[in-house]
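Enquirer: When you get a sec, could you give me coordinates for this:
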Amino acid sequence: MRFRKRLIGYFSLDLSNKPSARVKVYVAHPAITAEEMDRVFTLCPSHRPGDVVNFCQSMVKTTGAFTSKPLTSCLSFVQGSEQPTAMTLHLPISHYVENDQVTSERVSAFLRKQGLDHEAYDRSLAAVATRPLAQASGIQSYASYRRERGGLRFTAYLSPELFRKV
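Expert: Next up is the predicted model:
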């Protein structure tokens, strides 16, 4: 893998005395491709090769380079382990799709394919939307996934567009 500039965006700590308390490091990867990010994810024991490429292809129909807004990784560490116990990919989906209708269709298809609850996603999106989904992009700003023992965990970041000019 060739060296690329990476930017630490956030550093967070779980405020707990439990051994499961996490230290999380969020890293932006400017202009990275999904294939390169997939290699970064090999740092985590739960990663399956091809996950990042599949996720990006499913969500935005490209594998990069992601130049509009960078992909972000979140590495989670717990006491006693030098390796990340989990890694999350954050994809700024609203920067790579035509509108929220396209986002909705792609996310729902991905969730169905993974055996995840697409109906809860559809209801949540409908509850937040204050405009037709095909009108613009931005209600769903990010899509993220993390591989866990039981499979993939998906998160949709929904915005009520409170500050959107009408």
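Enquirer: For the chain, spot the helix or strand the model is least confident about on average.
Expert: strand 7-13 (a mean of 91; mean pLDDT, DSSP states H and E).
Enquirer: What does the pLDDT read for the nearest residue to residue 12 once chain neighbours are set aside?
Expert: With sequence-adjacent residues excluded and distances taken as C-beta to C-beta, 6 or more residues apart in numbering, residue 12 is closest to residue 24, at 4.6 Å. (Each C-beta comes from the backbone N, C-alpha and C, glycine too.) Per-residue pLDDT puts residue 24 at 96.
Enquirer: Pull the contacting residues for the residue nearest the centre of the chain.
Expert: Nearest residue to the geometric centre of the chain (C-alpha atoms, centre = their mean): residue 144, 2.0 Å. Contacts for residue 144 (C-beta atoms under 8 Å, 6 or more residues apart in numbering) come out as 88, 89, 90, 91, 154, 155, 157.
Enquirer: Dig out what the last one forms beta bridges with.
Expert: Same thing as residue 157. In this structure, residue 157 bridges to residue 142 when assessed by DSSP bridges.
Enquirer: from here on, count from 579
Expert: Yes, from this point I'll number from 579; that puts the last item at residue 735.
Enquirer: ok, it touching residue 706?
Expert: No - taking contacts as C-beta atoms under 8 Å, residue 735 lies outside contact range of residue 706: 10.7 Å.
Enquirer: Give me the contact list for the biggest helix by length in the chain.
Expert: Determined from DSSP state H, the single longest helix within the chain is helix 678-692. Helix 678-692 is contacted from outside by 633, 636-639, 671-672, 675, 695-696, 699-700, 703, 707, 710-718, 721, 729-730, 732, 734, using C-beta under 8 Å, 6+ apart.
Enquirer: Angles on the backbone of residue 674, please.
Expert: The phi/psi pair for residue 674 (degrees, to the nearest 10) reads phi -130, psi 10.
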